[in-house]
Each structure stands twice: as C-alpha cells, then as structure tokens.
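Colleague: give me the fold of what follows.
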Amino acid sequence: MLVLVAPGQGAQTPGFLTPWLELPGAADRIAAWSDAIGLDLVHYGTQADADAIRDTAVAQPLLVAAGLLSAMALGDITPGAVAGHSVGEITAAAFAGVLDEKSALGLVRGRGLAMAEAAALTPTGMSALLGGDPETTIPHLEKLGLTPANVNGAGQIVAAGTLEQLAALAEDKPAGVRRVVPLKVAGAFHTRHMAPAVDALARSAEALTPADPRVTYVSNKDGQTVSGGAEVLQRLVGQVANPVRWDLCMETFQKLGATALIEVCPGGTLTGIAKRAMPGVTTLALKTPDDLDAARVLVAEHSA
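Modeller: Sure, this is the predicted structure:
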C-alpha cells in the first residue's frame, strides 16, 4: 500500500523549483498559479535567496505549489493514503480531492499571510531536538515555556516559542538530546502564538466548498483518518495553532498496511523520519525530476 506525503515549512531551499520547471507545461502551470494568488512562484522557487523564501507568506504557497506540481508529474496515481506535515496538509487535501488546485493555493496564500502577521507580533521561532525520550523532553520544554509543536517520531521533537526561550533551550538541553537545530521558519508555528491566524484562516475557509476525500486522508492533529471534507477543512484551520503529531500519522500508516511512502517535492525530511520509524517500508523522496522514474516504478509495485 502506497502512502503519498507532503512536507512542511523548512523543507524549501533556494532554487529547488528550477529543474521542475523544465518539464512540459510546468512553467505555464506555475505562472498561472502565480497570477491566481498574486505571488511570483517562479521567482521565489528559482532565484530568491534563503532569507526571501524563509518568509512564511512566501514559503507556504511555494511548498504547496511544488508538491502539487511534482505529484502531477508522477501521472494519474491513486495512493492508499495521503497526509501532510504542517502546511503539507493543504497539499494532501488537494491530493485527496478535498480541495481543487485553485482553492488549495488560495487557502495556503491566506494561511501564509495570516501566520506571518501573527509571527510579527512577537519574535519567535522553532528548533528541532535530535535524540532523547519524549517522556523526558516534553516536560523539560514545558518548564522552559516552550511548546512541543511537532512530535515527529524517530527521536525528533520540534520546540517552538520565543527566541529567548529557544536560546535558553540551546544552553539547557533535555537529557539524552544530542543536538538542538534552529529551523528555517519565521515563527512559532502550531503554538498559541499563532492563535490570531486561526480566525483569519477560518474566514477564508468559509468561502470554500470541500469535497469528501477520494482516498484515505490521515490528519496530523492526531493521526486519525478523516472521511468528511468539512472536517478536513476544519482541521486544516485549527492545526495552525495546535501541535503536529507526525508520530501518530506514521503509526496509522503502518496500521493501514503501508509498504511504500513517497514524499513530494521538496522531499527528504519525511522520508528521513520514515526510514527510522517505519522499518520495512520502502521510501522515496521527489527531490528533482530525476527521481520520477524510480517513483513510477514504486507506484506500480505498491498501488495494487
């Protein structure tokens, strides 16, 4: 059984979209999406530097557009399940047919702008903790006033909070944590700091008419499968200010019988976690179009 997943913010790197625009029709498609949302995705995906694409209002639509483009390049596939990490949930909602491309990109444009505004209120950020035990790490984070914003599994938790709190964490790591790595994000996502963005996103969502998922949709709120389009959309809104439980998503993939996992562009983060947390499951990251042939083979072998 094939699982198709989409990464979240922080996965972007300068120029990562460049090789994808060489595919037939890709440049025209990205240009049309750019016009639709009022953001030059071609520029940001090919020429902009790391600081420019770190901007929440830019990074989020760029990631969703790249994920949709790379999935389309795979061809007409029907995965057994789909899921997304953080903003990748909007990409996954489009994979599942809950939202069409235009609606997904419009929603993520509004999400990025609202979260950027919320992040501007207080200097905040996120850091990944590598190693350690959640039972030790989470209480330590809470003692410092930080939120375990992403519980990713495979020995990785992402802490979020003010820059002062993150500096204190760097000086006072939880027992067993090997490294604390600052992430390329511009705010404390999936925490109370994003509460102002929830209302703005809810207003944007009111204009949408979601469809029920055509394939199994796994929510990163709690790893549960969601069968109604309205509930998927409700969860997309609420997740802005609530922790991502990717560990529970992977548990669900395994319960569903996953045998392969493909991560759309810019892939790498989620496949890296899956290799450690889901032994025996074949993984592949769509980093460039050179990965498409291997991905198509994997689709053919695991989509029956």
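Colleague: from now on I want contacts and neighbour counts done on CA atoms only, so please keep to that.
Modeller: OK.
Colleague: residues near L146, how many?
Modeller: Per other CA atoms under 10 Å, the neighbour tally for L146 reads 23.
Colleague: give me the nearest residue to it, chain neighbours excluded.
Modeller: G161 (5.1 Å; CA to CA, 6 or more residues apart in numbering).
Colleague: give the contact list for A159.
Modeller: Neighbour list for A159: 126-129, 141, 146-150, 166 [criterion: CA atoms under 8 Å, 6 or more residues apart in numbering].
Colleague: ok, back up a step: from R214, how far off is the residue nearest to L146?
Modeller: For G161, the distance to R214 (CA to CA, to the nearest Å) stands at 37 Å.
Colleague: how about L208?
Modeller: With CA to CA as the criterion, L208 and R214 are 17 Å apart.
Colleague: ok, back up a step: which one of the contacts of A159 is nearest to T269?
Modeller: Comparing those against T269 with CA to CA places A128 closest, at 12.0 Å.
Colleague: beta partners of the closest one?
Modeller: A128 has these beta-bridge partners by DSSP bridges: V158, V181.
Colleague: all the strands of the stretch 1-150 of the chain, in order from the start?
Modeller: Ranges of strands in the stretch 1-150 of the chain, per DSSP state E, counting those that start in this stretch, are 2-6, 81-84, 124-131, 147-153.
Colleague: in a markdown table, list those along with mean neighbour count and distance to L113.
Modeller: As requested, these are exported to a markdown table (neighbours: other CA atoms under 10 Å; distance: least, CA to CA, whole Å):
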| stretch | mean neighbour count | distance to L113 |
| --- | --- | --- |
| strand 2-6 | 28 | 20 |
| strand 81-84 | 27 | 20 |
| strand 124-131 | 22 | 16 |
| strand 147-153 | 24 | 20 |
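Colleague: let me know whether T191 touches V244 as I believe.
Modeller: No - contact criterion CA atoms under 8 Å: T191 and V244 do not qualify, at 9.9 Å.
Colleague: circling back: more crowded one of G161 and R214?
Modeller: A count of neighbours by other CA under 10 Å puts G161 above the other of G161 and R214, at 28 against 17.
Colleague: was I right about that one contacting L144?
Modeller: No - applying CA under 8 Å, one finds G161 not in contact with L144, separated by 9.3 Å.
Colleague: for stretch 146-156, what is the average pLDDT?
Modeller: Mean pLDDT, computed over stretch 146-156, is 91.
Colleague: tell me how far H43 lies from A116.
Modeller: Using CA to CA, we find H43 at a distance of 20 Å from A116.
Colleague: between the two, who's got more neighbours?
Modeller: The neighbour count for H43 versus A116, taken as other CA under 10 Å, is higher for A116 (20 against 15).
Colleague: excluding its backbone neighbours, what's nearest G155?
Modeller: G131 (4.7 Å).
Colleague: ok so, going back, so which of T191 and V244 has more stuff around it?
Modeller: Comparing T191 with V244 by other CA under 10 Å, the one with more neighbours is V244, at 28 against 22.
Colleague: just to revisit the earlier point, find me the pLDDT at the residue nearest to G155, would you?
Modeller: 91.
Colleague: residues contacting it?
Modeller: Taking CA under 8 Å, 6+ apart, one finds 155-156, 176-179 in contact with G131.
Colleague: mind doing that once more with 6 Å?
Modeller: By CA atoms under 6 Å, 6 or more residues apart in numbering, the residues touching G131 are 155, 177-178.
Colleague: now, of the residues you listed, which are buried?
Modeller: With burial judged by 16 or more other CA atoms under 10 Å, the buried subset of the contacts of G131 is 155, 177.
Colleague: re earlier: same list (the contacts of A159) but as a markdown table, adding distance to I262.
Modeller: A markdown table is the format used below for those (distance: CA to CA, whole Å):
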| residue | distance to I262 |
| --- | --- |
| M126 | 26 |
| S127 | 25 |
| A128 | 23 |
| L129 | 24 |
| L141 | 32 |
| L146 | 32 |
| T147 | 29 |
| P148 | 26 |
| A149 | 24 |
| N150 | 20 |
| L166 | 32 |
